[in-house]
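> Quick check, what structure comes out for this input:
(one chain, ligands or ions: 1)
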Amino acid sequence: AAKPKLYYFCGRGRMEAIRWLLAAAGVEVDSRWGRGRRRTTAGHLLFGQVPLVEIDGMMLTQTRAILSYLAAKYNLYGKDLKERARIDMYTDGTMDLMLMILATPFSSPTNKEGSYATIVQKAKTRYFPAFEKVLKGHGEDFLVGNAFSWADVQLFEAILMVEELDAAVLSDFPQLKAFKARVGNMPNMKKFLQPGSQRKPPADDHYVKVVRDVLQF
Ligand SMILES: CCCCC[C@H]1O[C@@H](O)C[C@@H]1SC[C@H](NC(=O)CC[C@H](N)C(=O)O)C(=O)NCC(=O)O
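This is a model prediction of the structure:
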């Protein structure tokens, strides 16, 4: 099958979770559209927005729709409706947390440090305690159904993103520390963490400028 084509900026943004999920599934991707909106995508942006993923003959937009399709396609979406509902709950939570971080570089430059401190606090008081409790509660290696799923991929991604803001953030979360070590040792995840993978760096001023120029905001 052809490699999925990812149309996005050359940075994390809303496409990063899609890159992580495809990496977890061991799927090679074809990244397009580094710097500016090109004709090849204009007609396919349903609401004029990216991420856009070309896969299985479809031009998919809407991050969650893309992630759900990929999770189901690569058997990372639980074994039944109830497991899928829990995976949806957990991924909505980690996506809420990550979008706070992704939005900050685009917010007013006055108080970025303050914003990041608030996000770290949210992670420590709202999000990480919830996942610590889930793991402690069932004592299994993964969040749902004792099997690796999209929920684990996204929690791992969110942990790494918050650790970029506060390296000691897991000091009060022993279950999450062990979870991070386990998932980080999985071959596909380990490979994605190596240099040269599709993983993108935190947003810098250049990335913010490119996005603002292209999206005119
Ligand atoms: C809060 C999110 C972070 C800030 C938004 C941007 O960060 C950058 O990486 C670019 C992104 S996202 C780029 C933005 N896309 C979206 O907002 C998609 C939202 C959609 N619900 C999704 O989940 O895919 C965009 O194309 N806008 C054009 C415009 O609406 O006309």
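> Could you give the number of residues near the residue nearest to Gln198 when sequence neighbours are not counted?
Here the nearest residue to Gln198 in space, its sequence neighbours aside, is Arg19; by Cβ to Cβ, 6 or more residues apart in numbering that works out to 4.8 Å. Yep, even glycine has a C-beta here, placed from its N, CA and C like the rest. The burial count assigned to Arg19 is 21, neighbours taken as other Cβ atoms under 10 Å.
> Quick one: mean pLDDT for the helix or strand hosting Arg19?
Secondary structure from DSSP states H and E places Arg19 in helix 16-24. Regarding helix 16-24, the rounded mean pLDDT is 98.
> what's near enough to touch the closest residue to Leu46 other than its chain neighbours?
Taking Cβ to Cβ, 6+ apart, and ignoring the residues beside it in sequence, Leu46 has Thr61 as its nearest neighbour in space, at 4.8 Å. Contact partners of Thr61, counting by Cβ atoms under 8 Å, 6 or more residues apart in numbering, are His44, Leu45, Leu46, Phe47, Gln49, Val50, Pro51, Leu52, Val53.
> So for Thr61, what's the pLDDT?
Per-residue confidence for Thr61 comes out at a pLDDT of 97.
> and if you look at the one 3 residues further on?
Note on Arg64: pLDDT of 98.
> Setting the sequence-adjacent residues aside, check what's closest to it.
Excluding its sequence neighbours, the residue lying closest to Arg64 (Cβ to Cβ, 6+ apart) is Met95, at 7.5 Å.
> Count the neighbours of the one you found for me.
The criterion is other Cβ under 10 Å. On that basis, Met95 has 19 neighbouring residues.
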